[in-house]
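Asks: Quick one, fold the following:
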Amino acid sequence: MLLRDLDATRAFAHRLALALPEGALVLLTGPMGAGKTTLVKFLAEALGFEGEVTSPTYTLIHEYPTPQGPIVHIDAYRLADQEELFSLGLEDYLPEARCVLVEWGKPEVFPDSLEVRLTPQNDTRQASLIPHAPAYREVAERFNVEE
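Replies: Numbering: from 1, shown residues only. Now for the predicted structure:
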């Protein structure tokens, strides 16, 4: 799906937020500056969070409260071994969180996830949804058909 501007990115995030099942594990991938944190901001907004969303690069994890449960925002960029997230309690977040969003998440570490790959193309972004678990196939197909 082509995201031509911030309004298109916001609309995409709002539709995605409604399509994600409770406790969804979403990997946000793409190069530096692709818009991963911006997408998190718009997803949080869509789910009812009214505060500021920032990258948790140095704190690793931010939580944003929503009426449906917390959004857990993780930045795995600085982690040499992303499996460390499991020892930090990632599995404990999943049943209670509305969704867990992992910037720089690796599908081989998180096989039960939906990957949202953002690819900059000049002044636009290409957003592709890649299901790494059967639970996300329908969500990905719904969005990828529109490309």
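Asks: which residue sits farthest out from the middle of the protein?
Replies: Among residues of the chain, the one most distant from the C-alpha centroid is residue 122; the distance is 22.3 Å, by CA atoms, centre = their mean.
Asks: Report all helices and strands that the biggest helix by length in the chain contacts.
Replies: In the chain, taking DSSP state H as the definition, the longest helix is helix 6-19. Other helices and strands packing on helix 6-19, by 3 or more CB pairs under 8 Å, 6 or more residues apart in numbering; DSSP states H and E, are strand 2-3, helix 36-46, strand 124-131, helix 137-144. Every C-beta, even on glycine, is put in place using the N, C-alpha and C of the backbone.
Asks: Distance to residue 63, mean neighbour count and mean pLDDT added to the ones you listed, as a markdown table?
Replies: Shown next, in a markdown table, are these (distance: least, CB to CB, whole Å; neighbours: other CB atoms under 10 Å; pLDDT from 0 to 100):
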| stretch | distance to residue 63 | mean neighbour count | mean pLDDT |
| --- | --- | --- | --- |
| strand 2-3 | 26 | 18 | 92 |
| helix 36-46 | 10 | 23 | 96 |
| strand 124-131 | 24 | 18 | 94 |
| helix 137-144 | 23 | 14 | 86 |
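Asks: Alright, calling it a day.
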